[in-house]
Structure formats: structure tokens, C-alpha cells
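1. Model the following, please.
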Amino acid sequence: MKIGTDGVLLGAWTPVDENPKRILDIGSGTGILALMLAQRCDAEQIDALEIEPDAYEQCVENFEASPWGDRLFCYHASLKMFMKEPEDSYDLIVSNPPFYKEDMPSGDRSRDKARQASALPFEELVNSVAELLSPNGIFSVVIPYKEKVAFVQLAELSGLFLIKATRVKGTAETATKRSLLAFSFRKVPMETDELVIEEKRHLYTQAYVELTRDFYLKM
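-> As a prediction, this is how the structure comes out:
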């Protein structure tokens, strides 16, 4: 799977103001979120979960090749397997989960597992996060905008409350495509805003450039 805009957005947007010491990336793919967070903060331990064998191998290779290899570790396991013997709690949990609900196979099993919601149902994700997150921790996720209301309700059932939300649009004229969401066990006034990615094809808005410029060689 190529690195997509969703992952870059989440890695750059996720709140790290409270200096998390332990971070977990659920469904890490090739490790982009964990690597971006290692670049953005001084967390002592950044764990990643990845079940697909090729992606796991690529993730480990990317971690070892990075300047932060001593702080990064990838588990070759599903979330369900990981939850059987969970480690200590995490101060920050991030996930760019699969969310395509149509289960028509593409013929590429690895791609299907990475894209289809059946590989990691939102309910399983939220329930697991509620068990793994520290009392003052933050859970950060990117999902389709049309799924936001249902996802927020699901999170509240597990005691997680929305504290920050950003609506993401491709251009100013297009419909809102994604939601960047951050949750906490604490109820606080919610921050909400909008991010437009492009003014036109391949011409990025200043807001997108400022958010992501530290992660591109050319921006």
C-alpha cells in the first residue's frame, strides 16, 4: 500500500502537546504514523501493530532505517491477539483504520485487508482503545466524514469524548471527505475547524503546507 494523504494528515494533525511517553499505532501498515510521531515528539516508546506479513516486514525495515529505531517496535499481530496480553496503558493511540464496507475482493488479499472495514470493525477498535488508553490519554483517528456521527456515539459508549475535530475537503468546492478526530476520557470544550487540501490540482493550500511541510522533501 502506498502512503496516502489520510495517513500523512493524521500523523501531522494528531495532538502531542501533552508530551506522550508511550504511543500505540493500531494497524500501522508500513509505519508512517509511528515514524511521523517519533519525529514530532520525544515519546520513549512507540509501538505499532500490523497483521499483514509484507506490511509488517516493511514496517520493521522502515523503523530500523530511521533515526528513531531505538524507540520504535512493531508487533506482528492483530488487535484481537494483542488484547489477549496487553502491555501497560498508552498516553496516545492513533489509527488510520480500514473503512471500506463493500467486501467485494479485488484479488489482492493484502490490499483488501488494509482497506476493508471487516478487517478491523470500528466497535472492536474503540472498545480496545478504551482498555489500552491511560486516564489522561488521547485517541486520534481518521475516518470518512459520513461515519463521524456513528463513530462519536460508539466512542461515547466506551467513555471516550470528542475533544477535537477537523473536517477535511479536497478543494473548497468539494464535499467534506474525511474527519480527523481526537478523543479523551475527559469532557472538555471541543475544538472544531476545517482543512482544505488543494486550491486546484497539485496546488496545495497554505494551511495544508504548514501542517505537513516537515514530512515532505518538496513542499
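
2. Every contact and neighbour count from this point should use C-alpha atoms.
-> Noted.

3. Where in this structure is the helix or strand with the lowest mean pLDDT?
-> Least confident helix or strand of the chain, by mean pLDDT, DSSP states H and E, is helix 109-115 with a mean of 45.

4. from the chain's centre, how far out does whatever helix or strand comes next after it sit?
-> Next helix or strand after helix 109-115 toward the C-terminus (DSSP states H and E): helix 122-132. What separates the centre of helix 122-132 from the centre of its chain is 13 Å, taken as Cα atoms, centre = their mean, to the nearest Å.

5. Show me what helix 122-132 packs onto, helices and strands only.
-> Counting by 3 or more Cα pairs under 8 Å, 6 or more residues apart in numbering; DSSP states H and E, the packing neighbours recorded for helix 122-132 are helix 148-157.

6. Would you map the helices across this protein?
-> 5-13, 32-40, 53-65, 79-82, 109-115, 122-132, 148-157, 206-212 (DSSP state H).

7. CA atoms only: put the first one into PDB for me.
-> Coordinates of the C-alpha atoms in helix 5-13 are reproduced here as PDB (Å, rounded to 0.1, in the frame of the first residue of the first chain):
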ATOM      1  CA  THR A   5      -3.000  11.600   2.300                       C
ATOM      2  CA  ASP A   6      -5.100  10.200   5.200                       C
ATOM      3  CA  GLY A   7      -2.000   8.900   7.000                       C
ATOM      4  CA  VAL A   8       0.100  12.000   6.400                       C
ATOM      5  CA  LEU A   9      -2.800  14.200   7.700                       C
ATOM      6  CA  LEU A  10      -3.300  12.100  10.800                       C
ATOM      7  CA  GLY A  11       0.400  11.900  11.600                       C
ATOM      8  CA  ALA A  12       0.800  15.700  11.300                       C
ATOM      9  CA  TRP A  13      -2.500  16.600  12.900                       C
END
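
8. Specify the beta-bridge partners of the residue nearest to the spatial centre of the chain.
-> To find the centre residue of the chain, average its C-alpha atoms and take the closest one (Cα atoms, centre = their mean): that gives Ser95, at 2.9 Å. Beta-bridge pairing of Ser95 under DSSP bridges involves Ile26, Val141.

9. give the contact list for it.
-> Asp25, Ile26, Gly27, Ser28, Ser140, Val141, Val142 (Cα atoms under 8 Å, 6 or more residues apart in numbering).

10. Contact partners for Asp214?
-> So Asp214 contacts nothing (Cα under 8 Å, 6+ apart).

11. Please disregard the earlier target; I meant Phe183.
-> Ile138, Phe139, Ser140, Leu160, Phe161, Leu162, Ile163, Lys164.

12. For the third one, give its distance to Val196.
-> For Ser140, the distance to Val196 under the criterion Cα to Cα, to the nearest Å works out to 19 Å.

13. Which residue of those two possesses the greater neighbour count?
-> Between Ser140 and Val196, counted using other Cα atoms under 10 Å, the more crowded position is Ser140 (23 against 19).

14. Please report the distance of that one from Arg167.
-> Counting by Cα to Cα, the gap from Ser140 to Arg167 is 14 Å.

15. which residues do these two both contact?
-> Leu180.

16. tell me the phi and psi of Gly170?
-> Gly170 adopts backbone torsions of phi -60, psi -50, taken as degrees, to the nearest 10.
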